[in-house]
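Enquirer: Next comes the sequence, and after it the predicted model I'd like to discuss.
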Amino acid sequence: MSLIDQKQEQILEAALKRFSHFGVAKTTMTEIADDLLMSKASLYYYFPDKTALVLSVGENILTDFIEKQKQVLESSNDFERGLKDLSAVRIGFGYKYFMMHIGDGQSDINTSDPKFKLLLDDLKQKEIEFVSKYIKRFVENGLVKKIEIQETAQLFIDVLVGIWIAEVHVRNKSLFPSEALFDGIKIKSERIISIFCDGLKRN
């Protein structure tokens with residue numbers, strides 16, 4: 001790794017700490033530079049503006065998010081357990097990076113950038129692809145009914161997103177959700193996954 005790459009990694013780590021704790025809107029480039037004991041001009045040498053930095057941080061988070069979900073499904077031989085583990089990964093990331101408000105309609109101008117929307121659109125497509133692949137595996141081995149796989153994968157993801165939105169943005173009005181709220185999301189998600197799987201499994 002070159003010195004430039006190392007410095008960029010250090011900046012991304014410092015920015016992520018700030019963004020995930022205080023949020024994107026309340027974090028300034030000056031604060032990030034101060035955390036790294038570097039000048040603001042030096043920070044702008046590596047990232048020309050805050051949006052570029054936010055995009056890089058967001059891309060790293062979403063790449064990790066995708067990989068963790070794929071790993072969970074690829075290593076699972078239990079249809080229902082795999083989907084519940086997938087849900088747990090999603091909730092864990094949502095909790096850890098809640099203050100960044102990635103793709104939840106509460107983002108600021110930096111995460112509303114069209115390039116960020118493209119990242120989110122790509123994420124959604126990849127999610128449908130690997131959930132479809134997972135469902136297909138169990139259809140082919142005869143444990144799940146023959147269904148419209150891609151449509152079912154999309155429905156599954158929509159349900160998980162719906163539970164998140166209902167609990168975090170509709171019922172909960174706090175700017176800083178509690179651990180208990182996320183525990184409740186996990187319980188509700190697992191219940192709906194059990195119902196979902198009961199309807200798909202062969203008798």
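Expert: Noted; the coordinates are in hand.
Enquirer: Tell me the helices and strands packed up against the helix ranked longest in the chain.
Expert: Secondary structure of the chain per DSSP state H: the longest helix is helix 114-140. Helices and strands touching helix 114-140, by 3 or more CB pairs under 8 Å, 6 or more residues apart in numbering; DSSP states H and E, are helix 50-74, helix 79-96, helix 149-164. C-beta here means a position set from N, CA and C on the backbone, and glycine is covered the same way.
Enquirer: so can I have JSON lines of those helices showing distance to Asp34 and mean pLDDT?
Expert: JSON lines is the format used below for the helices and strands packed on helix 114-140 (distance: least, CB to CB, whole Å; pLDDT from 0 to 100):
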{"stretch": "helix 50-74", "distance to Asp34": "15", "mean pLDDT": "93"}
{"stretch": "helix 79-96", "distance to Asp34": "24", "mean pLDDT": "95"}
{"stretch": "helix 149-164", "distance to Asp34": "34", "mean pLDDT": "95"}
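Enquirer: how far is the longest helix of the chain from where the chain is centred?
Expert: 12 Å (CA atoms, centre = their mean, to the nearest Å).
Enquirer: Going by neighbour count, which residues of stretch 62-72 are buried?
Expert: 62, 65-66, 68-70, 72 (16 or more other CB atoms under 10 Å).
Enquirer: Check those residues against Phe79 and report the nearest one.
Expert: Val72 (12.6 Å; CB to CB).
Enquirer: what about that closest one, distance to Phe130?
Expert: Counting by CB to CB, to the nearest Å, the gap from Val72 to Phe130 is 10 Å.
Enquirer: next one: Ser2
Expert: Look at Ser2 and Phe130: by CB to CB, they are 33 Å apart.
Enquirer: likewise Lys146?
Expert: Distance from Lys146 to Phe130, counting by CB to CB: 20 Å.
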